[in-house]
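In: Dropping a prediction and its sequence here:
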Amino acid sequence: MSEHKSSLGFLTAPPAAPRVQESRVASLYKKYRASAFLGIFIGYAGFYLIRNNVSLVSAVLKEHDVLTPVGIGIVANAVLFSYGLSKFFMAMLSDRSNARYFMPLGLALSAIVNLLIAFVPALSATVTLFAIMMFINGWFQGMGWPPSGRVLVHWFSTKERGWMTSIWNCAHNVGGAAVGIIAAWALQNFATSEADWRPAFWAPALVALFVALIAFLMIRDRPEAMGLPTIEEYRNDPAKIEVAENDASWKDMLFKHVLTNRVILLLAVTNVFVYTLRYGVLNWIPIYLTDQIHGTNVKDGILGFAIYELAGIVGTLLCGWLSDKVFKGWRSGAGLVFLAGVGIALAIYWWLPSTAHIGWFYLLIAIIGGLIYGPVMLIGLQAIDLSPRNVAGTAAGFTGLFGYLLGASLASTGVGLLIQYFGWNVAYGCLLGVVVLALILMMIIGKEERKLLAASRSHQL
C-alpha cells in the first residue's frame, strides 16, 4: 500500500527509493531491520527514563510536605493524561512521518522538559505549575510508541511480528528499571538533603539525550525508502488485514478501520482497566512500602519500582510465547490467564501483614509486574495486526488514548483520592474489582477474536 502524501516538512516520510540490485536485497534487509529494531528498542527504553519520575520520589515529596497524596496524583496524572492524548494525535502524524526523525525528536524534547523541572525551581513551586510541566512532558512522550509501531509493521511480517513485538515491548521494562537505578544512584550521590528530589529528574534526562542520538543513528523508516521490497513481498507473508483502498483518503481509512472498528473499540475499553491495574500498583509502590513496612525508606520503595519493571520482561516474553504456541494466535486466551494471575497476586500483596519480611512484598511485586505487562503488550499488538499498516500506529494510539486518558487517571488521581480519604484497604479492594471488569471484557474480545481467526483460516483454505 502506498504512503499518502503529507506536508510535514523535514518530518515527512521519505519516498520510495530506486530498487537495489536483487543480489543485495537479503543482506541489506538483514542489516537495516536489525538496526531499525535496536533503534526503536533503545529509543523507547529512553522514554521511560523521563516519563513520570514523580512516582519515584513520591515518598520524598509526601514526607517533606512538597505534595500531598492528592497532589502527587494530580501531577502524575498530568503526564499520563497528556500522554494518552498525544499517543493518539501524534500517531496520526507518525503514520505519515519519518520514524528516524520523529522518535529521537520527541525523546530529546521530553529530556529538555525534565531538565527544566530539575533546574528551574519556580516550575515545580506549586501543584499547578508542576502539573503543567508534566503535561508538556507527556505530550512529547507521545512521540515514542507510534513510530515504534510504524517500524514494526513495515519491517516485520505477520508471522514474525508477534514475537518481535513482545521483545520490543520489554523496552518498557528496561527503561523503567533503569530509571529506578539511575534515580537511586543520583539521589545517593548528588542530593543536597533528604528533601532534595531533583537529581531523580536531571540525571535520567541527561542519559535520555544520549539515547536520542543513538536512536537517530540506528532507526530506518521503512524498506521501500531504502530501495527494498515491502516486508510482505520479501517474506511472502500477507498482512492479516488486506485492503484494496489505495486511493482512499487517510481520513476515510481512519474512520473505517479505527474509529468504527468494533474490535479496536473493545480493545480500547479493555485497555482502560489494564492500565488502571498497571499504574494503580506501580505508581504507589514507594509510598505503600514505606507506609506499610516499619524501617523502610525511599530507596527500598524505588527498588520495588525497579523490580516491578524488570519482572515485566519475563512476563511479556512468556505471554508472547504462550499466545503463539499454546493459544495458536488467540491472544485473548493468554490475556485471560495473565489477568487472573494479576488478581490472585494482588490480593495476596494486599493481605500480606506489615510484619512480613520485605522480600515477600518484593516477590509479589515481581509477580504482579510480570503478569500485567502481558495484556499491555497484547492489546497494542492486536491493534497493529488488525489494522491496515498505514493506520496501524493510529489504531494502537487509539487504544493507548483510552488506557492513559482514563485508565491512568483512575490509577493516579483516583487511587490517590482513595488512599487519602479511605485508606489502602479500599484502594486495593477497588483494584480487585478492576481485575474482574478486565476479565469480563477480555472474554468478550476473545469471542470476537475467535470469529476473526476462523474467518482468516477459512480464507486461507
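Out: The structure has been received and is ready for your questions.
In: wait, isn't residue 259 in contact with residue 395?
Out: No. Using Cβ atoms under 8 Å, residue 259 is not in contact with residue 395; the gap is 9.6 Å. (C-beta placed from N, C-alpha, C; glycine too.)
In: Which of those two has more residues huddled nearby?
Out: Neighbours were counted for residue 259 and for residue 395 using other Cβ atoms under 10 Å; residue 395 has more, 32 against 13.
In: Can you give me the neighbour number for residue 433?
Out: 12.
In: any idea of the mean pLDDT for the helix or strand where it lies?
Out: Here residue 433, judged by DSSP states H and E, is contained in helix 424-460. Helix 424-460 shows a mean pLDDT of 83.
In: before we move on, what about stretch 403-418?
Out: Averaging pLDDT along stretch 403-418 gives 79.
In: neighbouring contacts of that stretch?
Out: With contacts defined as Cβ atoms under 8 Å, 6 or more residues apart in numbering, stretch 403-418 is touched by 69-70, 72-74, 76-77, 80-81, 83-85, 87, 268, 271-280, 283-284, 379, 426-427, 430-431, 434.
In: Look at the residue positioned nearest the centre of the chain and tell me its secondary structure.
Out: Geometric centre of the chain, nearest residue: residue 172, 6.0 Å, by Cα atoms, centre = their mean. Counting by DSSP: H, G, I helix; E, B strand; the rest coil, the backbone at residue 172 sits in helix.
In: and the gap between it and residue 376?
Out: Residue 172 is 8 Å from residue 376, where distance means Cβ to Cβ, to the nearest Å.
In: got any residues that touch both of those two?
Out: Taking Cβ under 8 Å, 6+ apart as the criterion, residue 172 and residue 376 both touch residue 316.
In: pLDDT averaged over stretch 194-214 - what is it?
Out: pLDDT averaged over stretch 194-214 gives 95.
In: got the CA positions of it in CSV?
Out: Only the C-alpha atoms of stretch 194-214 are listed here, as CSV (Å, rounded to 0.1, in the frame of the first residue of the first chain):
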residue,chain,number,x,y,z
GLU,A,194,16.9,14.2,52.3
ALA,A,195,14.3,16.6,50.8
ASP,A,196,16.2,17.1,47.5
TRP,A,197,14.4,15.1,44.8
ARG,A,198,15.7,16.9,41.8
PRO,A,199,18.6,14.5,40.9
ALA,A,200,16.0,11.9,40.1
PHE,A,201,14.9,14.2,37.2
TRP,A,202,18.1,15.6,35.8
ALA,A,203,20.3,12.5,35.8
PRO,A,204,17.9,10.3,33.8
ALA,A,205,17.3,13.3,31.4
LEU,A,206,21.0,13.6,30.5
VAL,A,207,21.1,9.8,29.7
ALA,A,208,17.9,10.2,27.6
LEU,A,209,19.6,12.9,25.4
PHE,A,210,22.4,10.5,24.7
VAL,A,211,19.9,7.7,23.9
ALA,A,212,18.1,10.0,21.5
LEU,A,213,21.3,10.4,19.5
ILE,A,214,21.7,6.6,19.3
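In: Can you give me the neighbour number for residue 289?
Out: 23.
In: which residues are in contact with the host helix or strand of it?
Out: Using DSSP H and E, residue 289 sits within helix 285-292. Contact with helix 285-292 is made by 55-59, 62-63, 69, 296-298, 300-302, 304-305, 308, 354, 358, 361, 365, 419, 424, as judged by Cβ under 8 Å, 6+ apart.
In: now, which of those residues lie within helices?
Out: Using DSSP state H, 58-59, 62-63, 69, 298, 300-302, 304-305, 308, 358, 361, 365, 419, 424 are the members of these that sit in helices.
In: What subset of the residues you listed is buried?
Out: In terms of neighbour count (16 or more other Cβ atoms under 10 Å), the buried residues within these are 58-59, 62, 69, 298, 300-302, 304-305, 308, 361, 365, 419, 424.
In: Can you tell me which of these has the lowest confidence score?
Out: Out of those, that is residue 298, at 67.
In: before we move on, back to that, any idea how far the helix holding residue 433 is from the chain center?
Out: 19 Å (Cα atoms, centre = their mean, to the nearest Å).
In: and that helix, which residues are buried?
Out: Across helix 424-460, burial judged by 16+ other Cβ under 10 Å covers 424, 427-428, 430-431, 434-435, 438-439, 441-442, 445-446, 449, 452-453.
In: Which helix or strand contains residue 216?
Out: Taking DSSP H and E as the criterion, residue 216 maps to helix 199-218.
In: And the contacts of that helix?
Out: Taking Cβ under 8 Å, 6+ apart as the rule, helix 199-218 contacts 35-36, 38-40, 42-43, 45-47, 49-50, 53, 56-57, 100-101, 103-105, 107-108, 110-112, 114-115, 117-119, 178-179, 182-183, 185-187, 189-191.
In: Among these, name the ones in helices.
Out: 35-36, 38-40, 42-43, 45-47, 100-101, 103-105, 107-108, 110-112, 114-115, 117-119, 178-179, 182-183, 185-187, 189-190.
In: Just the buried ones from those?
Out: Buried by 16+ other Cβ under 10 Å: 36, 39-40, 42-43, 45-47, 100-101, 103-105, 107-108, 110-112, 114-115, 117-118, 178-179, 182-183, 186-187, out of the ones in helices among the contacts of helix 199-218.
In: so where's the stretch 201-350 of the chain shaky on pLDDT?
Out: Low-confidence regions of the stretch 201-350 of the chain, defined by pLDDT under 70, span residues 238-250, 294-298.
In: Kindly recompute the last result at 90.
Out: 230-264, 278-310, 312-314, 316-317, 319-332, 350 (pLDDT under 90).
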